[in-house]
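> generate a structure from the sequence data that follows.
(4 chains)
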Protein chains: 2
Amino acid sequence: MAEDTMRDRILDAAESRARQSGYHGFSFRELASDVGIKSASVHYHFPTKAVLAEALTERYAQTALERLGAPEGPLEAFNRVAALFREAVEVEDKMCQCGMFGAERDSLPPEVAAATERYFQRLTELLERAAPKNPAPYRAETILSAFEGALLLVKALDDPSVFDRVVADLRRAY
Amino acid sequence: MAEDTMRDRILDAAESRARQSGYHGFSFRELASDVGIKSASVHYHFPTKAVLAEALTERYAQTALERLGAPEGPLEAFNRVAALFREAVEVEDKMCQCGMFGAERDSLPPEVAAATERYFQRLTELLERAAPKNPAPYRAETILSAFEGALLLVKALDDPSVFDRVVADLRRAY
DNA sequence: GTCTATAATTTGATAGAC
DNA sequence: GTCTATCAAATTATAGAC
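Predicted coordinates for the structure are as follows:
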C-alpha cells in the first residue's frame, strides 16, 4: 500500500474487491472506476485478469511473509500470525485474500492457483520451523485452518468478535 | 439428491458449481447445460439467481442439520460434524457450500447472506447444546472455524490429507 | 415445462489516436 | 499512460409460442 504508482493503486482496488467478492466477483471496469481511469488503461498495466490476480497474490504473500519475519518460538509464531489475521478482521473487515482464492482454487487460472498454493506452503513452513513437532506434528495446519476459518465465520455470522474468541480458545490449547 | 425433479437436478448442478466457484462463478446457462435444458427454462423454476441461491442454501442447511440430528455428548457432536465435513472433502472434493457463501457474504443478495448466516447459527447452537461450557465457553466456534478452514486449506494446498490431520490434532486437544 | 427469440447490460480484451 | 471506440461473448432476465 506504500507505493503510489498507478499499478499499486490498481492492485489495492483489486485486493479490496477480491477479498470481498472473490476472483469472479470483480471486473476491470470496477477497478478502473475505483482508481479513476478507464478499463482499457487497466489493461496497459495488466494485460489479462489472470496476470493481475497473480501479481495481486504475489504482493499479498510477500507483504504478509515480510511482516511475519522469522519468529523464534512457537508462541511468538502463533502470536504474530494471530496479529496478522486479526488485522484482516478488525482493520479491513475482509477475508484473507489467499483464503478467498484458496476456496475458489478449482475455478482459478492455473498461475493464480499456483501462487495461492505457494503462500500457504510458506506459511506452513514458517510455523513448523518455529515449532518443530511441538506439541504435535501437524499443529501448523491446524492453526492456519482455525485462523482462515475464523475469518470465514466472522463474515458468515457478521460478528468480528468471533475471531478473538477463537484465538483465545486456541491459545489455551497450546 | 434423492428427489429427481428438475428443480432438484438444477439445485444439484448449482450446488456443485457454487461449491467450486462461488456465487459469482456460475451462470444460468451453465446450470441449464448441466441438466440438459435451456437457460430460460431454469428461470421457470427459479425466477432470479438470488432466489435460486437462497433455495440452494436452505436445502444444503436442512440436509446437513438433519444428518447431524441431536448428538448427546461433546465427543459425539464433534465426531458427527467431523464426518459431515470429511464427506465434503473425500467424496465431493469441494468446499462447504455455506463456507463458500460465507466468505463471499458481503457481495451476496441479502436473502442469500441471511440464509447462510442462519446455517452457522444453527450449527453453533447444535455444538454448544451438546457441549455446554465444556471444556471452554466458545469451543463450538473454534471447532467450526477449524473445520471450515481445513476444507479451505485442502483446496488451497490441493492436499485432501490435510483434513484428517487437522481433525486428529483437534481431537487430541479435546 | 420447455422452447425460440430477444432485450439490456456487462464482461475481458484489442486497435489506434493523442 | 490514458483515452475513445469497438468487439465478440456472456450475463440475468422476459415475452410469447408450443
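
> pull the distance from stretch A:167-174 to the chain's centre.
Relative to the centre of its chain, stretch A:167-174 is centred 22 Å away, using CA atoms, centre = their mean, to the nearest Å.

> near chain B, anything from it?
Yes. Stretch A:167-174 lies within reach of chain B by CB under 8 Å from any CB of the partner chain, at A:A168, A:D169, A:L170, A:R172, A:A173. Backbone N, C-alpha and C define where each C-beta goes, glycine included.

> list of residues touching that stretch?
The contact list for stretch A:167-174 (CB atoms under 8 Å, 6 or more residues apart in numbering or on different chains) reads A:74-75, A:78, A:82, A:86, A:135, A:143, A:146-147, A:150, B:136, B:138-139, B:141-142, B:173.

> please convert the buried members of those into ChimeraX selection syntax.
For the buried members of the contacts of stretch A:167-174, the matching ChimeraX selection, counting by 16 or more other CB atoms under 10 Å in any protein chain shown, is:
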select /A:74,78,82,86,143,146,147,150 /B:138,139,141,142,173
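
> show me the contacts of stretch A:167-174 that map onto helices.
A:P74, A:L75, A:F78, A:A82, A:R86, A:I143, A:A146, A:F147, A:A150, B:R139, B:E141, B:T142 (DSSP state H).

> which of those residues lies closest to A:T63?
A:R86 (15.5 Å; CB to CB).

> can I assume that closest one is in contact with A:V162?
No. Counting by CB atoms under 8 Å, A:V162 is not a contact partner of A:R86; they are 11.6 Å apart.

> and the end-to-end length of stretch A:60-79?
Taking CA to CA, to the nearest Å, stretch A:60-79 runs 19 Å from one end to the other.

> apologies, that question was intended for stretch A:101-110.
12 Å.

> next, the buried residues of it.
Buried residues in stretch A:101-110, defined by neighbour count with 16+ other CB under 10 Å: A:F101, A:G102, A:A103, A:E104, A:R105, A:S107, A:L108.

> so how far is it off the chain centroid?
Centroid displacement of stretch A:101-110 relative to its chain, using CA atoms, centre = their mean, is 14 Å.
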